[in-house]
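Novice: Provided below are the primary sequence and the corresponding predicted coordinates.
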Amino acid sequence: MPVYNPTPVNWTKKVIGSSQRSEADNWAITDSVSAICWFLEEFLEAECYTDNDGSPIHTKSGKRMAGIIPVHLYGLPVDMKPLLSLAEEYNLLIIEDACQAHGAEYRIDGEWKRAGSMGITAGFSFYPAKNLGALGDGGAVVTNDHELALKMRWLHDHGSSEKFIHQSANGWNSRLDAIQAAVLSLKLKVLDEWNARRRMIAARYQEMLEELPLALPVEYDNVRHVYHLYVVRAEDRDYLQEELSARAIQTGLHYPIPLHRQKAYQYLGYTPGSFPNSEKSASSILSLPMHPFLTFEQVDRVAAACSEILSI
Ligand SMILES: Cc1ncc(COP(=O)(O)O)c(C=O)c1O
């Protein structure tokens, strides 16, 4: 498993881009509020409730896609079945962004698959706050493709296949520190347990918040969400956030500015209103406290505060 430090999705694309890019030059992403990829030429709109969308896949410009980067956002696996069929039909590469979804699962044709095991390759982030986090930056790229794995190994070590032998002028130093690898190996053993704990906390939130005027995270029968983040939607999100803050409850916005509104992507020519769902999401989402060590008492305190604020 090659390791990198950091930026998994870009890293993966660099590898594929150097070897398998065909006449098709257009990449699409199913999530418009998170991952940052310099090579993208077109975004797809996000579905309203999960910020993920497996279908339909098309580009507005009508350009042929070379690949798709499904982002398992917040820890909820994207509905991969339609994407995988599409990829097979049109010979598209699927690069999973599993940076928020370590251990998440998706059932396809009766079989449970882990996020990151369904595309040709996938990127995982080990940023400290992730479900599997190091003590500093780090990440991994995974693949079942032997040739790709070989090239990834070269790239992560200055294009070198063995000491003093350089196979490619492409490459850089993205070796993961041994100390981080040691920490990650230990934490990997408890990942499933911590994810189970996150799921229990999410269930408690669900129970305590369901009567409130909030849209809560959705989970389908064929997925196991790992709740990297617990994101609700509120009509007057800013007010709710301010009031929670006044009660010493810290929340987050993931993410406040949709990609098509970022300066970095102005060259794509999008304007306000190009992706209304994403814009609506950006103005209504709120990440409530979530980590495996949160107690039910703390969850109840957050829920009680939400109830008090929203009932006024
Ligand atoms: C969905 C997603 N993609 C990509 C990244 C980038 O990961 P890193 O910062 O480790 O390169 C992150 C990190 O926050 C992420 O959440």
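Specialist: Noted; the coordinates are in hand.

Novice: residue in the stretch 151-300 of the chain nearest to the ligand?
Specialist: Residue nearest to the ligand within the stretch 151-300 of the chain: His228 (7.6 Å; C-beta to the nearest ligand atom). Heads up, the C-betas are built off the backbone N, CA and C, glycines and all.

Novice: residues contacting that residue?
Specialist: 74-75, 100-101, 130-131, 198, 290 (C-beta atoms under 8 Å, 6 or more residues apart in numbering).

Novice: hmm, which two among the residues you listed are most spread apart?
Specialist: Ala101 and Met290 (14.0 Å; C-beta to C-beta).

Novice: mind checking which of the two has more residues around it?
Specialist: Ala101 (32 against 20; other C-beta atoms under 10 Å).

Novice: looks like that one contacts Leu76 (just checking).
Specialist: Yes. Counting by C-beta atoms under 8 Å, Leu76 is a contact partner of Ala101 at 7.5 Å.

Novice: for the residue located most distally from the centre of the chain, phi and psi?
Specialist: Farthest-out residue of the chain from its mean C-alpha position, per C-alpha atoms, centre = their mean: Phe164, at 36.3 Å. Phi and psi for Phe164, reported as degrees, to the nearest 10, are phi 70, psi 10.

Novice: excluding sequence neighbours, find me the nearest residue to Tyr220.
Specialist: Asp79 (7.9 Å; C-beta to C-beta, 6 or more residues apart in numbering).

Novice: run a quick neighbour tally on that neighbour.
Specialist: Residues near Asp79, counting by other C-beta under 10 Å: 21.

Novice: quickly list what the closest residue to the ligand within the stretch 101-250 of the chain is bridged to.
Specialist: Nearest to the ligand in the stretch 101-250 of the chain, going by C-beta to the nearest ligand atom, is Ser125, at a distance of 3.2 Å. When bridges are called by DSSP bridges, Ser125 pairs up with Gly139.

Novice: thought it was touching Cys99?
Specialist: Yes. In this structure, Ser125 is within contact of Cys99 by C-beta under 8 Å, at 3.7 Å.

Novice: let me see the ranges of the helices in the stretch 101-250 of the chain.
Specialist: 146-155, 178-209, 237-246 (DSSP state H, counting those that start in this stretch).

Novice: what's the domain layout of this protein?
Specialist: Using automatic domain parsing, the domain ranges for the chain come out as 3-182, 190-311.

Novice: near the ligand too, which of the contacts of His228?
Specialist: Gln100 (C-beta under 6 Å from any ligand atom).

Novice: can you pull the buried residues of the host helix or strand of Gln298?
Specialist: With secondary structure defined by DSSP states H and E, Gln298 is part of helix 296-311. Judged by neighbour count using 16 or more other C-beta atoms under 10 Å, the buried positions of helix 296-311 are 299, 301-303, 305-306, 309-310.

Novice: coming back round to it: same list (the contacts of His228) but as a markdown table, adding pLDDT.
Specialist: Output for the contacts of His228, formatted as a markdown table (pLDDT from 0 to 100):
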| residue | pLDDT |
| --- | --- |
| Tyr74 | 96 |
| Gly75 | 97 |
| Gln100 | 97 |
| Ala101 | 98 |
| Lys130 | 98 |
| Asn131 | 98 |
| Arg198 | 98 |
| Met290 | 98 |
